[in-house]
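*Asks:* no sequence on this one, just coordinates:
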């Protein structure tokens, strides 16, 4: 990608110039980029050189560009920049930000700074900001902006277009316009496309679309993101409990939500819980410990049972000690087989392809898949063990024990891996928790039990 | 969410009505929903009742609605519907579909059906379709549509708006318009917002934005999706190797790409490779075996080394057989610790927060985190083992061995888990492959070596 190469070269140059304190030259290089890219360079400057260098470079940008750049930065970087610039500059930036970006920044700032900023905000906006700051994190209310275009149904297309021409500059989007009645209840929408292709003298009541999908202001952000993915809308109106429109969420805010929710899922699948949304390197060690230790500890406890099972077979094991050498392979393959299935099922539930009622179909499919895989792996294992133990008089029985255990373990592990996420969903636990770590600790128990029971039967240990 | 509840009720009713073959009543219920929702009900009908019922219901929809519904269906469902309706209906639907949806459907249909459809298509469009069908899957060319609005820079705003009014109905988006020179080279863009708020008599050359980001037609879809997430654009122009614009990709097509790429990543992290994009229940058993067996087999082989290490300590182990009972706990906790770290790092690389040069910082952080976690877990383990083995004269030495092994294993596993994904990235392997299964098989080797070496030193086995 040509743009990317160019971007990386410019970033390199800017970093070098700032290192040598050649600020003007650095600024001129920066101005070759667009705002989103400048924001990325700024993050690099903070990480690689210093916050001070970033602040100086930031202050040297033309004011209108600096606001844009600011709005593309991560919230942590924004707060750091805010702490490093003057009150006047802060007020300018906060003033110029889009409403939803403004709320995001204010949420992260210390209370005294927020108060200082709000003092200088017009009373009407101050009230609105305070309302928005009170919505819980991760709900539609925290994502929305009040900067939408609202029209009346008795307007003509020409009147509507004139109105949009006048106010369109300041609104988050003008491509979907909202029509409400006197009680602020949402009546329908008109897209700018419809306005543009309709005759100037038509009334909006003739072209209004009434089958509007809206979300409640307290709706979870994951639900909101699913609606965007499902319908492909550019924006979705947000309504309060009385169905009055209070704002809109636009599509560009949803990418971040998707990223956040995916990260949460993936981390949960690896037994990392309640992780913060901050970047890995910015998360303090104590926080990392807190999000990893509990689950590790819980899983460690579950191995007490596995240990007890092994202790039970201790005597026999001592007699045929070579069996111990195959334990890791059997447990490992069991764990891997189970995780494969669990992951496929968890993801299918996540994207809506599978549901609890598919339980039997999943089980049947996992059974067939695991039988084939189990037979392949156990055949190989039989010959391998047979050859390795050829000097042991019991080599046939040992090979039979290990390979038959392999077959059974793969089948059982895959069936457990296929079922557990669906069961979790059924009883209202997040299926993502039924991934590798959980499955592995369960299959380990199954593996040693199967293995040593077979050994008792076949080898008489 | 009210809409959702309503939707589920209607879906339930439709399914019941179709079951009882009350088609007209079912259709009337369906028409209460919007096209995306009807498409979802159709999928349920195919899965739960029969393809025939779905086809009858589909054919009873008004023609214009049926095209919309069709465009929201999964490609598999589309092909099934196509196979069940008459040629005339097929031609009507294909004709009315947006260009990019048309290409998606044609790609999946058998060649003879495609030929039959193309026969009835105007020559100009036929040529264009053939070009599009030749772009490799998963590249920008396969995502794009040629239905964009192109303007000339010498047009006035009024002329541009008149032109958009005329052709706007048929275009994928009218919110970003593209300006090209005589050689079809992309010169810049004008957003509909700019057009609406600009004076009628201005020339486009005065309001054109030239800092346009574009992608090459062969660019991988993952890159394209990253650009959308980075810039928040509604559409990105696609250019050929000579910088001539050949189409645009719109934001709504990107959600599907994100979902596909995330699934690929998550599956790869669980050792499922080259999985297809079809739904779990629709993927044949043979395909499932093919995407799971190779990696399982490879990992099983890696356990030969672990087995060999254990065999090496066989004699000593026979003397202190109770050590075997703690093996699963140590290996399991090592594997879980390593996977937690690996997952966090893989995800951070994936979303662009970490890169190869952060290697030492990651190592240092993992070391501190793992030291704290390791000390907690090993303290608990010491007392547990001390108590459990209290009847063994060596109980202190055994407890010391197991708990010290725990500490070392957690630290080493977390450092391996933190480093491997970055090393993989460095040498050009997908970091996602360095997740749970791979990490677990490596840490298992480390675990048994550490454990039994400590046992030799402390217990003299």
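*Replies:* Received it, and whenever you're ready, just let me know what you need. Owing to the predicted nature of the structure, the values given are computational and were not obtained by experimental measurement.
*Asks:* mind listing what residue A:325 touches?
*Replies:* B:307, B:308, B:310, B:311, B:314 (Cβ atoms under 8 Å, 6 or more residues apart in numbering or on different chains). All C-beta atoms are positioned from the backbone trio N, CA, C, and that covers glycine.
*Asks:* please redo it, this time with the cut-off set to 10 Å
*Replies:* Residue A:325 makes contact with A:385, A:388-389, A:402, B:303-304, B:306-314, B:317, B:448, according to Cβ atoms under 10 Å, 6 or more residues apart in numbering or on different chains.
*Asks:* Kindly report the same for residue A:330.
*Replies:* Residue A:330 neighbours (Cβ under 10 Å, 6+ apart): A:323, A:381, A:402, A:405-406, A:408-410, A:443-444, A:447-448, A:450-451, B:300, B:303.
*Asks:* which helix is the longest one in chain A?
*Replies:* helix A:395-426 (DSSP state H).
*Asks:* quick one: residue A:7 from residue A:14, how far?
*Replies:* Residue A:7 sits at a distance of 11 Å from residue A:14 (criterion: Cβ to Cβ, to the nearest Å).
*Asks:* Identify the contacts common to these two.
*Replies:* Listed as contacting both residue A:7 and residue A:14 by Cβ under 10 Å, 6+ apart are A:32, A:33, A:41.
*Asks:* So which of those wins on neighbours?
*Replies:* Within these, most neighbours by other Cβ atoms under 10 Å in any protein chain shown means residue A:41, with 24 neighbours.
*Asks:* That residue belongs to a helix?
*Replies:* Yes - the assignment for residue A:41 is a helix, going by DSSP: H, G, I helix; E, B strand; the rest coil.
*Asks:* Surely it touches residue A:31?
*Replies:* No - the criterion here is Cβ atoms under 10 Å, and residue A:41 misses it with residue A:31 at 11.3 Å.
*Asks:* Among the contacts of residue A:325, name the buried ones.
*Replies:* A:385, A:388-389, A:402, B:303, B:306-307, B:309-311, B:313, B:317, B:448 (16 or more other Cβ atoms under 10 Å in any protein chain shown).
*Asks:* Now, the residues you listed that are in helices?
*Replies:* In this view, these that belong to helices under DSSP H are A:385, A:388, A:402, B:303, B:306, B:307, B:309, B:310, B:311, B:317, B:448.
*Asks:* Please verify my assumption that the last one contacts residue A:328.
*Replies:* Read that as residue B:448. Yes - counting by Cβ under 10 Å, residue A:328 is a contact partner of residue B:448 at 6.7 Å.
*Asks:* just the helices in the stretch 201-350 of chain A please.
*Replies:* When secondary structure is read from DSSP state H, counting those that start in this stretch, the stretch 201-350 of chain A shows helices at A:204-207, A:221-231, A:254-269, A:285-312, A:314-319, A:327-350.
*Asks:* what about the first one, average pLDDT?
*Replies:* To tie it back to what came earlier, the one meant is helix A:204-207. Mean per-residue pLDDT for helix A:204-207: 92.
*Asks:* Then stretch A:389-402?
*Replies:* Average pLDDT, stretch A:389-402: 92.
*Asks:* ok, now stretch A:362-381?
*Replies:* Across stretch A:362-381, pLDDT averages out at 94.
*Asks:* Mean neighbour count, the helices of the stretch 201-350 of chain A: which tops it?
*Replies:* Most buried of these by mean neighbour count (mean count of other Cβ atoms under 10 Å in any protein chain shown) is helix A:327-350; its value is a mean of 28.
*Asks:* quick check: angle from that one to helix B:254-269?
*Replies:* Calculated by axes from the mean of the first three to the mean of the last three Cα atoms, to 10 degrees, helix A:327-350 forms an angle of 170 degrees with helix B:254-269.
*Asks:* Helix A:327-350 vs helix A:395-426, what angle?
*Replies:* Going by the same axes, to 10 degrees, helix A:327-350 makes 30 degrees with helix A:395-426.
*Asks:* What strand or helix carries the closest residue to residue A:208 other than its chain neighbours?
*Replies:* Nearest residue to residue A:208 in three dimensions, chain neighbours excluded: residue A:188, at 4.1 Å (Cβ to Cβ, 6 or more residues apart in numbering or on different chains). Using DSSP states H and E, residue A:188 falls within strand A:186-191.
*Asks:* thinking again about what came up before, so between residue A:7 and residue A:14, which is more surrounded?
*Replies:* A side-by-side neighbour count of residue A:7 and residue A:14, using other Cβ under 10 Å, places residue A:14 first with 27 against 17.
*Asks:* correct me, but that one touches residue A:60?
*Replies:* No - with contacts counted by Cβ under 10 Å, residue A:14 stays clear of residue A:60, the gap being 11.7 Å.
*Asks:* so what sits against both of these two?
*Replies:* Joint contacts of residue A:14 and residue A:60 (Cβ under 10 Å, 6+ apart) are A:26, A:27, A:28, A:30.
*Asks:* residues in contact with the last one?
*Replies:* When contacts are counted by Cβ under 10 Å, 6+ apart, residue A:30 touches A:10-11, A:13-14, A:17-18, A:37-38, A:41-42, A:45, A:57-58, A:60-61, A:65, A:69.
*Asks:* gap between it and residue B:413?
*Replies:* Distance check for residue A:30 against residue B:413: by Cβ to Cβ, it reads 43 Å.
*Asks:* ok, now residue A:429?
*Replies:* Residue A:429 is 27 Å from residue B:413, where distance means Cβ to Cβ.
*Asks:* Then residue A:9?
*Replies:* 39 Å.
*Asks:* what's the answer for residue A:227, then?
*Replies:* Residue A:227 sits 41 Å away from residue B:413, going by Cβ to Cβ.
*Asks:* which stretch of helix or strand covers residue A:455?
*Replies:* For residue A:455, the enclosing helix or strand under DSSP H and E is helix A:436-459.
*Asks:* what pLDDT, on average, does that helix get?
*Replies:* The average pLDDT within helix A:436-459 is 91.
*Asks:* Read off the pLDDT value for the closest residue to residue A:358 other than its chain neighbours.
*Replies:* With sequence-adjacent residues excluded and distances taken as Cβ to Cβ, 6+ apart, residue A:358 is closest to residue B:281, at 6.6 Å. What the model reports for residue B:281 is a pLDDT of 82.
*Asks:* same thing with the one 10 residues further on?
*Replies:* Confidence per residue is given as pLDDT, and for residue B:291 that number is 86.
*Asks:* you'd agree it is up against residue A:340?
*Replies:* Yes - the pair formed by residue B:291 and residue A:340 meets the contact definition of Cβ under 10 Å, at 8.9 Å.
*Asks:* Can you check which residues contact both of these two?
*Replies:* Common contacts of residue B:291 and residue A:340, defined by Cβ under 10 Å, 6+ apart, comprise A:369, B:267, B:271, B:272.
*Asks:* are any of those buried, and which?
*Replies:* Taking 16+ other Cβ under 10 Å as the criterion, what is buried in those is A:369, B:267, B:271, B:272.
*Asks:* And these, which is closest to residue A:97?
*Replies:* Nearest to residue A:97 among those: residue B:267, at 39.6 Å, using Cβ to Cβ.
*Asks:* Now do the same contact list for that closest one.
*Replies:* Residue B:267 makes contact with A:340, A:343, A:344, A:347, B:273, B:274, B:275, B:291, B:292, B:432 under the criterion Cβ under 10 Å, 6+ apart.
*Asks:* Kindly report the residues of the stretch 51-200 of chain A close to chain B.
*Replies:* A:72, A:74, A:161-162, A:164-169, A:171, A:173-175, A:191-200 (Cβ under 10 Å from any Cβ of the partner chain).
*Asks:* Take the residues you listed and keep only those in strands.
*Replies:* Among these, the members falling in strands (DSSP state E) are residue A:191.
*Asks:* Done for today, thanks.
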